[in-house]
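Trainee: this is a predicted model, with the sequence first.
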Amino acid sequence: GSVIFGCRLNIEQQGDEPLRAQITLSDGDQTIFKKKLKADAIRNFSTTIKEPQLWWPNGLGDQHLYTLKVELQDGRKQPLNTITKRIGLRTIDLVRELDEWGESFYFRCNGVPFFAKGANWIPADIFNEWTTPERYRQLLTDAADAHMNMLRVWGGGIYEDDLFYDLCDELGICIWQDFMFACATYPTFDDEFMDTVSAEARDNIKRIRHHASLALWCGNNEIEQGLVADTWTATTMSWADYAKLFEKLLPSLVSELDPSTPYWPGSPHSPMRNREAWN
């Protein structure tokens, strides 16, 4: 078989000097493909990879990882910047189909439905710097050894260290990634606040999106179930202001920056409930 591999490069260019990019995908010492692109083709690139080694969740198959290297060059073919990432070739879908109860909710990897078995991941220590690489590896290896194939990064914690996601790639632990909003009301009527939210979300979507383990972006933890009402009160925010952040801004950023990963507004969330304020 074969797969279509795509690469999106975000380039901030000063001046009008022509740029080139060299894209290399390798499997250990073997080069799978190498491609040089002119400026007009840099930002969106795709190619066909024959007989790929796919990435699978823990228990379904191997966690094969390739090395992707992108070198940006100036008009004289001199390197300006180089980025190297480990990636897995796979598809992960959130299957939502209407049924007699409402709609389904399950994940499918490479076309194969699987049961998500896992846990809620909170920061491993009250002081983040005390979580050593060895501690990350121990905890995540224990999770894989317990046959877990998914962890939900809790919205009341932190966007985890790069090593966390690297290890999840290696171990086949899919990630349900909350944005960092939990158990509170947020001043979404404040434009400056929303600007900071947008900047933080953009940075983390771009940082995490290449990981094979990333299965879902989720807007928040436990806000919808008791902290939202028709109007603002001392303990609730309005549905209209809730929607600005979790039904509009965050899904629009995911759609723009990581369109292959599904978005879910909150945990828990009732998708079949009709709220005119969201329209």
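Mentor: On my side now, so go ahead.
Trainee: and residue 100, how close does it get to residue 106?
Mentor: Applying Cβ to Cβ, to the nearest Å, the value for residue 100 to residue 106 is 16 Å. (Each C-beta comes from the backbone N, C-alpha and C, glycine too.)
Trainee: out of those two, which sits in the busier spot?
Mentor: Neighbours around residue 100 and residue 106, counted as other Cβ atoms under 10 Å, are more numerous at residue 106. The numbers are 13 against 4.
Trainee: quick check: residue 16 vs residue 75, distance?
Mentor: Look at residue 16 and residue 75: by Cβ to Cβ, they are 10 Å apart.
Trainee: what about those two, which has more around it?
Mentor: Taking other Cβ under 10 Å, residue 16 and residue 75 do not tie; residue 75 has more neighbours (10 against 7).
Trainee: dump the residue contacts of the more buried one.
Mentor: For residue 75, the contact set (Cβ atoms under 8 Å, 6 or more residues apart in numbering) comprises 17, 18, 19, 20.
Trainee: try it again with 6 Å
Mentor: The contact partners of residue 75, taken as Cβ atoms under 6 Å, 6 or more residues apart in numbering, are 17, 18.
Trainee: of all residues in this structure, which one is nearest the centre?
Mentor: Closest to where the C-alpha atoms of the chain average out (Cα atoms, centre = their mean) is residue 209, at 4.2 Å.
Trainee: grab the nearest non-local neighbour of that residue.
Mentor: Spatial nearest neighbour of residue 209, excluding adjacent residues (Cβ to Cβ, 6 or more residues apart in numbering): residue 258 at 4.1 Å.
Trainee: okay, now residue 177: neighbour count?
Mentor: Other residues within reach of residue 177, judged by other Cβ under 10 Å, total 27.
Trainee: can you tell me, leaving aside adjacent residues, what's nearest to residue 140?
Mentor: Spatial nearest neighbour of residue 140, excluding adjacent residues (Cβ to Cβ, 6+ apart): residue 167 at 4.7 Å.
Trainee: and residue 231, how far is that from residue 247?
Mentor: To residue 247, residue 231 is 17 Å away according to Cβ to Cβ.
Trainee: quick one: distance of stretch 89-98 to the chain centre.
Mentor: Relative to its parent chain, stretch 89-98 has a centroid offset of 14 Å by Cα atoms, centre = their mean, to the nearest Å.
Trainee: what comes into contact with that stretch?
Mentor: The contact list for stretch 89-98 (Cβ under 6 Å, 6+ apart) reads 3, 52, 54-55, 103-104, 106, 108-110, 212, 215, 262.
Trainee: ok so residue 242 is a helix residue?
Mentor: Yes. In this structure, residue 242 lies within a helix as judged by DSSP: H, G, I helix; E, B strand; the rest coil.
Trainee: let me know the pLDDT of the closest residue to residue 205 other than its chain neighbours.
Mentor: Take residue 205 and drop its neighbours on the chain: the residue closest to it by Cβ to Cβ, 6+ apart is residue 257, 4.6 Å away. Looking at residue 257, its pLDDT is 95.
Trainee: what of residue 148?
Mentor: Residue 148 is given a pLDDT of 98.
Trainee: so it makes contact with residue 118?
Mentor: Yes. Using Cβ atoms under 6 Å, residue 148 is in contact with residue 118, at 4.4 Å.
Trainee: sketch out the low-pLDDT regions of the chain for me.
Mentor: Filtered on pLDDT under 70, the chain yields the residue ranges 11-15, 39-43, 273-279.
Trainee: roughly how far out does the helix or strand where residue 192 lies sit from the chain middle?
Mentor: Assessed by DSSP states H and E, residue 192 sits inside helix 191-208. The gap between where helix 191-208 is centred and where its chain is centred comes out at 14 Å by Cα atoms, centre = their mean.
Trainee: list the buried ones in that helix?
Mentor: Buried residues in helix 191-208, counted by 16 or more other Cβ atoms under 10 Å: 194, 197, 201, 204, 205, 208.
Trainee: nearest residue to the first one other than its sequence neighbours?
Mentor: It refers to residue 194. Excluding the flanking residues, the one nearest residue 194 by Cβ to Cβ, 6+ apart is residue 188, at 6.1 Å.
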